[in-house]
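K.L.:
Predicted model and sequence below, questions to follow.
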Amino acid sequence: MTRRAIAWTMTAIMAIAVCYSVTRIPVQMTDSLVPILQAQQTSSIASAFSGSLGAGYLRPMRIAQIQALFELSNGHYFLAYKAFHVALAVACFALFLMALDVRSPPDLVALAFALTVLTGLHTFRGMVWEAYPINHFLEIAVFCLLALVLAKSRGGWWADWGAAITFVVASLTLESGLLVWVVVVAAWMAGFRGVSKRGVIGLTVLLAAYFLVRFPYLGTGAPGLAERSSGFGFGRLEPGELVRRFGAWPYGFYAYNVASSLISVLLSEPRGGTWTALADLTAGRVSPGTVVNLVSSFVTTAVIAWFMVTRARTWRAAGLDAGDRICVVSMAVLAANAVMSYGYTKDEIMSPGGVFYALAAFVAMRELVAWIGRQPRARWRNAVCGVALAAAATGWSIRTVGLHYQMQMMAFSVRNEWAYVGDWLARQHAAPTTDEGTRIVDALRNDALSRTVVNPYLQSQAARALRLFP
Amino acid sequence: MKRWTALCVGLPGSLVMAGAAVWLVASWLGMPLAAAGNGLTLSEAAMLADHADAMRLTAQGADPNAPARVRAGTIDFTEHVMSPLEAATRSRQSGIMQVLIDSGAAITRVNYPVLWCSANRVSNNGAVLGFLDAHRPAGLPAIECAHVPIP
């Protein structure tokens, strides 16, 4: 078996496991039912697209995709939406591997590590354990990875056009789709020439067009303080409190959100803008899960920082190699992703940043493994390195297993929610008014209740301990 | 590359992949998960706040008043036999009790003392106690839990 084949096998196992957990979760009631009922009342994909242009956000492709899958489903809603989710997850893993050059034994070792960073990081969970009914955060991460793979390719007209189409679809799906432009530009500046200079200029023109259409033409604003609650310090602030404290000068709050989002990927804290670990530490009740999260993230970020510092000297003298470029693009995406989270912090928004963090972890860990191999015997340093790396790798592995546990919990919770769908729809004032709508609700409810899910209360104590890994 | 480095960095992830492969193959072969709720009784569903299974079982004709097995490891280390309502008093959730009553379970002067005293054994059980208060049969005398046998 070639090393390339081993790498694909490793990635496939991780991908299939995630997809399996995805398919065990019923279509969500709280996030998916209303959009599906709205799709039922919309006449076509075109009207779904155009109808969403006057809304508070510019996300017409998001609505159009929900509509398209609804029309394709022919009544098989679970199959249609879950198949799309699975396809996105498979694409995410495949593109993740394609973005890396796995050729040598150290590459395989680093890949085993990076795959657990990818799936164990808290930002990944939001891409797979829920959907609305499409998980657009996962979609954006896939688009960003696709842009990187195009930038790394040998190039040609198709790469330029591919990057342009990817940008248009991504930016009209979610605001974080603008990260596709960041990926392409950062990749070009770092030395990847798959997308040509002309392609980069074209993408920049499209970016300018996006802003012109969004702000002066459609008048679609940016998120304001009063739209939702947000984490701040050791707690959460409701919209009214946010306006009272930051309404006159919101830039300090925005800076806090940017910094929080960036640090949350690097250190797994704060979460949603709230410094839960510090609050727990102050109260003297830090959970083992928090310790595992912090240690694994801290060691990995330290390895990435070591890589960037040691390679910086070489960059000036001899330029960047492929690994360096991936690391540079990853840091650019991470920073841009954090800047785009200025309005409020949320784990899911940072999911593209999380995926690129895992790419950077691969590059840095591969270099560290090779560097240690070149060092003469130094027992104490070997021991320190070994303990730190083993702690980080074990921590990420536990977090990966915890992801599947959390997804099983989600399946149990979502299925129970469907038991009371009538009450929920009444509270939301969203009860279907047509026979077809009622049939959709009944079909989804029956589908959810007929599924076998793991009851977390019947699990062993060891499995329940995974609940401690948020 | 030094072997110990490969082990430290790569072994945990490789073990996760091996475990995932075993898990996937076992699922593909139809091997039941230990916690998948196979053979779940209505009493167990009620006690474990498994609303969906409680609804599924009652829809399939399970008697909401009939005592049934609650497997060892759920309440304590021994198996118990109790009615779904009695089991539900341990769930800390009143919603599951309403599901049972909607399905035909009865709160009577006979079983109320057992339900009340069972609920009082559980900490943070305000929702269930409030529900029982609202469904207390009229004219029931004060309950002395010391004299009420609880399954």
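P.N.:
Looks like it arrived, so ask away. Numbers count the residues shown, from 1 in each chain, chains lettered A, B, ... in the order given.
K.L.:
Dihedrals phi and psi, the residue nearest the centre of chain B?
P.N.:
Centre of chain B computed as the mean C-alpha position; nearest residue by CA atoms, centre = their mean is residue B:48, 1.9 Å away. As for residue B:48, its main-chain torsions (degrees, to the nearest 10) stand at phi -90, psi 10.
K.L.:
Residue B:46 now?
P.N.:
In this entry, residue B:46 is assigned phi and psi values of phi -70, psi -40 (degrees, to the nearest 10).
K.L.:
Please determine how far it is located from residue A:380.
P.N.:
Relative to residue A:380, residue B:46 is positioned 59 Å away (CB to CB, to the nearest Å). Placement of C-beta: from N, CA and C, glycine included.
K.L.:
Run through the residues that contact the residue nearest to the centre of chain B.
P.N.:
The neighbourhood of residue B:48, defined by CB atoms under 8 Å, 6 or more residues apart in numbering or on different chains, consists of A:455, A:457-458, B:74, B:91.
K.L.:
Point out where chain A drops to low pLDDT.
P.N.:
Per-residue confidence for chain A (pLDDT under 70) gives these ranges: A:378, A:459-470.
K.L.:
Tell me if I'm right that residue A:390 and residue B:6 touch.
P.N.:
No - applying CB atoms under 8 Å, one finds residue A:390 not in contact with residue B:6, separated by 11.3 Å.
K.L.:
would you list every one of the strands in the stretch 151-300 of chain A?
P.N.:
Chain-ordered strands for the stretch 151-300 of chain A, with DSSP state E, counting those that start in this stretch as the definition, fall at A:230-232, A:235-237.
K.L.:
Quickly compare those and say which is most buried.
P.N.:
Mean neighbour count (mean count of other CB atoms under 10 Å in any protein chain shown) peaks for strand A:230-232 among the strands of the stretch 151-300 of chain A, with a mean of 23.
K.L.:
other SSEs contacting it?
P.N.:
Under the contact criterion of 3 or more CB pairs under 8 Å, 6 or more residues apart in numbering or on different chains; DSSP states H and E, strand A:230-232 touches strand A:235-237, helix A:251-267.
K.L.:
what's the closest of these to residue A:60?
P.N.:
Comparison of those against residue A:60 by CB to CB identifies helix A:251-267 as nearest, at 25.6 Å.
K.L.:
And that closest one, what's buried?
P.N.:
Along helix A:251-267, these residues count as buried under the neighbour rule (16 or more other CB atoms under 10 Å in any protein chain shown): A:253-254, A:256-258, A:260-267.
K.L.:
do the same with stretch B:75-93
P.N.:
Within stretch B:75-93, the residues scored as buried using 16+ other CB under 10 Å are B:80, B:82-93.
K.L.:
Show me those that map onto strands.
P.N.:
Those of those mapping onto strands are B:80, B:82, per DSSP state E.
K.L.:
Filter the buried residues of stretch B:75-93 down to the ones in helices?
P.N.:
B:84-88 (DSSP state H).
K.L.:
how about TSV for those residues, with distance to residue B:135 and pLDDT added?
P.N.:
Putting these into TSV (distance: CB to CB, whole Å; pLDDT from 0 to 100) gives the following:
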residue	distance to residue B:135	pLDDT
B:84	15	94
B:85	10	93
B:86	14	92
B:87	16	92
B:88	12	92
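K.L.:
wait, which of these is closest to residue A:345?
P.N.:
Closest approach between these and residue A:345, by CB to CB: residue B:88, at 39.3 Å.
K.L.:
residue contacts, that closest one?
P.N.:
Taking CB under 8 Å, 6+ apart, one finds B:46-47, B:96-97, B:100, B:128 in contact with residue B:88.
K.L.:
out of those, who's nearest chain A?
P.N.:
For chain A, the closest of the contacts of residue B:88 turns out to be residue B:47, at 8.4 Å, with distances computed as CB to the nearest CB.
K.L.:
Would you confirm that that closest one contacts residue B:71?
P.N.:
No - if you go by CB under 8 Å, residue B:47 and residue B:71 don't touch, sitting 9.9 Å apart.
K.L.:
The two: which has the busier surroundings?
P.N.:
residue B:47 (25 against 16; other CB atoms under 10 Å in any protein chain shown).
K.L.:
and which of the ones in helices among the buried residues of stretch B:75-93 is nearest chain A?
P.N.:
Taking CB to the nearest CB as the measure, chain A lies nearest residue B:87 of those, at 12.1 Å.
K.L.:
gap between stretch A:275-287 and the chain center?
P.N.:
26 Å (CA atoms, centre = their mean, to the nearest Å).
K.L.:
which bits of the stretch 51-200 of chain A sit near chain B?
P.N.:
Neighbours of chain B within the stretch 51-200 of chain A, by CB under 8 Å from any CB of the partner chain: A:105-106, A:108-110, A:112-113, A:115-116.
K.L.:
Enumerate every residue touching the residue of chain B positioned farthest from its centre.
P.N.:
Within chain B, residue B:1 marks the point farthest from the mean C-alpha position, 51.8 Å out by CA atoms, centre = their mean. Contact partners of residue B:1, counting by CB under 8 Å, 6+ apart, are A:105-106, A:109, A:369-370, A:372-373.
K.L.:
tell me what the longest helix along chain B is packed against?
P.N.:
Counting by DSSP H, the longest helix found in chain B is helix B:3-28. Taking 3+ CB pairs under 8 Å, 6+ apart as contact, the helices and strands that helix B:3-28 lies on are helix A:3-24, helix A:105-120, helix A:351-374, helix A:379-418.
K.L.:
need the helices for the stretch 151-300 of chain A, in chain order.
P.N.:
When assigned using DSSP state H, counting those that start in this stretch, the helices of the stretch 151-300 of chain A occupy the ranges A:157-171, A:179-190, A:197-212, A:239-246, A:251-267, A:276-283, A:288-318.
K.L.:
Does anything pack onto the fourth one? Which helices or strands?
P.N.:
Where contact means 3+ CB pairs under 8 Å, 6+ apart, helix A:239-246 is packed against helix A:251-267.
K.L.:
Quick one: list the elements packing against the helix it packs on.
P.N.:
For helix A:251-267, where contacts count as 3+ CB pairs under 8 Å, 6+ apart, the packed elements are helix A:122-128, strand A:230-232, helix A:239-246, helix A:288-318, helix A:322-340, helix A:351-374.
K.L.:
Dump these to a markdown table, plus distance to residue B:13.
P.N.:
Shown next, in a markdown table, are those (distance: least, CB to CB, whole Å):
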| stretch | distance to residue B:13 |
| --- | --- |
| helix A:122-128 | 14 |
| strand A:230-232 | 31 |
| helix A:239-246 | 41 |
| helix A:288-318 | 12 |
| helix A:322-340 | 19 |
| helix A:351-374 | 11 |
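K.L.:
then stretch A:302-310 to CSV, C-alphas only?
P.N.:
Once side chains and other backbone atoms are set aside, the C-alpha atoms of stretch A:302-310 remain, and they are given as CSV (Å, rounded to 0.1, in the frame of the first residue of the first chain):
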residue,chain,number,x,y,z
ALA,A,302,2.9,26.5,20.5
VAL,A,303,4.2,24.0,17.8
ILE,A,304,2.7,26.2,15.1
ALA,A,305,4.3,29.3,16.6
TRP,A,306,7.6,27.5,16.9
PHE,A,307,7.3,26.5,13.2
MET,A,308,6.6,30.1,12.1
VAL,A,309,9.4,31.6,14.1
THR,A,310,12.0,29.1,13.0
